[in-house]
Structure formats: structure tokens, C-alpha cells
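J.: Sequence and computational prediction follow.
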Amino acid sequence: MQSSKLIFFDMAQKRNRSQQQDLSAFLGGSSPDWQTQLDAVALRFNREYRREPFDLPDEIKEMPLYQEWQSGLLTSRITSPFWEVAKPKKQQKCLDLGCGVSFLIYPWIEWEAVFYGQDISVVARDSLNARGSQLNSKLFKGVQLVAAHELKYESSQFDLVIATGFSCYYPIAYWQEVMAAVKRVLKPDGFFVFDLLDPETELAENWAILETYLGAEVFLESLSDWKKAIQSSGGQIVKQQPGTLFQLYKVRFNP
């Protein structure tokens, strides 16, 4: 398995360097086209939500991490509890980007905050829109099928924007667009809470391999580069919390 890991990372690093070089050509002009990556991530999660089988090599199926993922135990172990760094308050307006099926899991009704959702998975969107309003039609404002960098809301609309579990599927250049969009829709005293894959954790490399075979390439960006990107976007980290795989950050944007 060790030789396979080395081969994988050599190929992944070459691909990432090529992609970063392609992206750099856009920095002085128009935005990159992220659709290929967005489509790959959407397909990967649509298949999981539909419980469709993944065609994986035996060496991947033999990984303990794969067994944990297949049993459903891995998700709960690596999920970032955003409410521990920014618990929504009563009547606050909150936007959950890349929400997946989270509205069926975390206790948003108990917080009595107003929630909007956004995701690129049609399965997640349809499931939540079918059930969310049944749970609480006053607090649940629906889920839109839109990518995280496309926020079709009024300026200064939200007290809290959340984005957990998917930053690793896109390069930092993409997230700079996301942060610019989030900054616009946040109130001046609002917060952006999101998590970042820590490539130094014990699980990071094997998890990146597993996710890539499941169909969504993982970008192993350093946390120091992420922090620079946050600062360049006008953000200030006011709180952070380590996790098994992801670091959770609470960010305030400068006016």
C-alpha cells in the first residue's frame, strides 16, 4: 500500500501543480471555470446519498479507513461541530453552504434561528426541501442548487454563514471567490465559520486517497497558505478549534 500511496501522491502533486499553473493565468483577468471540479464533487455525493456502489480497487477496500467510511462511523468522527465556535442565536439568519443533509442531523430547530441552505447535490437539495419545511416551515427557508461562490442574496443579509466538510475539494483560488461572496452577504458583525483539512493529521493522506477514488480529488493545502488567503480576503480569525481531520475557523471580515 505504501508504494501505491507514493505513486498516487506523485500523480496528484503533478496534477495539482498543473492546475495551479492554469489558474494563475486567470488571476489577472476573468475568473477560472470551476465547473469540472464542481461536477465531480456533485457526482461523488449524489452517488453516496443514493447509496450507489463505488467501483474501487481491492487495496482501497482493505484500508481500515474505507471500512470505517462504509460503516458510517467515519462521518461522525470527522464532522466539524460549527456550533461549538458559533452557536446560532434565536431569530438570527444563517446560511449553510454545502449543507448536504445536515438539516436532518444537527439541532437547528432548537436554536430557533432562521436557516437557508445551498448545495450542488440535487439529491441533498430535493431531500431537504421535501422534509425541512415539515420539521419547521417558519425557520427553514429552503435549499438552493447553487455552488458556494454564487450567493444570490441581498448584501448584509446573514448573521452567520457556515461552510464545513468540503473546502478540501477545491483550490485556495476558488475559496477566495467564496470568501468574497460571503463577505458581501454577511452583516458587518456577522461571522463566517468553515473548516479546513489539516494535511498534518494522521488521517489526511489516506483520507485523500479514499476520496479521490470515490471521485472527488482532495487538495492538500497547508494551513499557513489558507491563513494567508483568509487575511488577503480581509478576514480575521477570531477563534479556531482542532479536529480529527479538519480545523474549524470562525472568521470576521474587516469592513
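T.: That came through, no problem.
J.: which ones are touching the residue positioned nearest the centre of the chain?
T.: The centre of the chain sits closest to residue 166, judged by Cα atoms, centre = their mean, with a distance of 2.2 Å. By Cβ atoms under 8 Å, 6 or more residues apart in numbering, the residues touching residue 166 are 41, 98, 148. Heads up, the C-betas are built off the backbone N, CA and C, glycines and all.
J.: and what of residue 54?
T.: Contacts of residue 54 by Cβ under 8 Å, 6+ apart are 47, 213-215.
J.: residues touching residue 94, list them.
T.: Contact analysis of residue 94 by Cβ under 8 Å, 6+ apart lists 88, 108, 113-116, 158-162.
J.: Buried among those residues? Need that as a selection in ChimeraX.
T.: Selection of the buried residues among the contacts of residue 94 in ChimeraX, burial being defined by 16 or more other Cβ atoms under 10 Å:
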select :88,108,113,114,115,116,158,159,160,161,162
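J.: Which one of the contacts of residue 94 is nearest to residue 228?
T.: Checking those against residue 228 with Cβ to Cβ, the nearest one is residue 161 at 20.7 Å.
J.: What about the closest one? Give its phi and psi, please.
T.: Main-chain torsions, residue 161, degrees, to the nearest 10: phi -120, psi 130.
J.: these two touch, right, it and residue 98?
T.: No - Residue 161 is beyond contact range of residue 98, at 11.0 Å (criterion: Cβ atoms under 8 Å).
J.: Now the common contact residues for the two.
T.: Between them, residue 161 and residue 98 share no contacting residue, judged by Cβ under 8 Å, 6+ apart.
J.: Which helix or which strand is home to residue 144?
T.: Per DSSP states H and E, residue 144 falls inside strand 140-145.
J.: Just the CA trace of that strand, in PDB.
T.: Below are the C-alpha coordinates for strand 140-145, written out as PDB (Å, rounded to 0.1, in the frame of the first residue of the first chain):
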ATOM      1  CA  PHE A 140     -36.400  26.500   7.300                       C
ATOM      2  CA  LYS A 141     -36.200  28.700   4.200                       C
ATOM      3  CA  GLY A 142     -35.200  26.100   1.700                       C
ATOM      4  CA  VAL A 143     -32.100  24.800  -0.100                       C
ATOM      5  CA  GLN A 144     -30.900  26.200  -3.400                       C
ATOM      6  CA  LEU A 145     -29.000  24.100  -6.000                       C
END
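J.: Check what contacts that strand and list those residues.
T.: With Cβ under 8 Å, 6+ apart as the test, strand 140-145 has contacts from 99, 103, 108, 114-120, 122, 124-125, 128-129, 132-133, 152.
J.: Please flag which of the contacts of residue 94 sit within strands.
T.: Mapping the contacts of residue 94 onto strands (DSSP state E) picks out 114-116, 158-162.
J.: What is the nearest of these to residue 60?
T.: Proximity of the ones in strands among the contacts of residue 94 to residue 60 (Cβ to Cβ) peaks at residue 162, which lies at 30.7 Å.
J.: residues in contact with that closest one?
T.: Counted by Cβ under 8 Å, 6+ apart, residue 162 has contacts 82, 86, 94-97, 99, 193-194.
J.: If you drop the residues flanking it in sequence, what lies closest to it?
T.: Excluding its sequence neighbours, the residue lying closest to residue 162 (Cβ to Cβ, 6 or more residues apart in numbering) is residue 96, at 4.7 Å.
J.: Which strand or helix spans the one you found?
T.: Residue 96 belongs to strand 93-97 when elements are defined using DSSP H and E.
J.: hang on, the earlier thing: reformat the contacts of residue 94 into a markdown table and put pLDDT next to each item.
T.: Listed next are the contacts of residue 94 as a markdown table, based on pLDDT from 0 to 100:
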| residue | pLDDT |
| --- | --- |
| 88 | 97 |
| 108 | 91 |
| 113 | 96 |
| 114 | 96 |
| 115 | 96 |
| 116 | 97 |
| 158 | 98 |
| 159 | 98 |
| 160 | 98 |
| 161 | 98 |
| 162 | 98 |
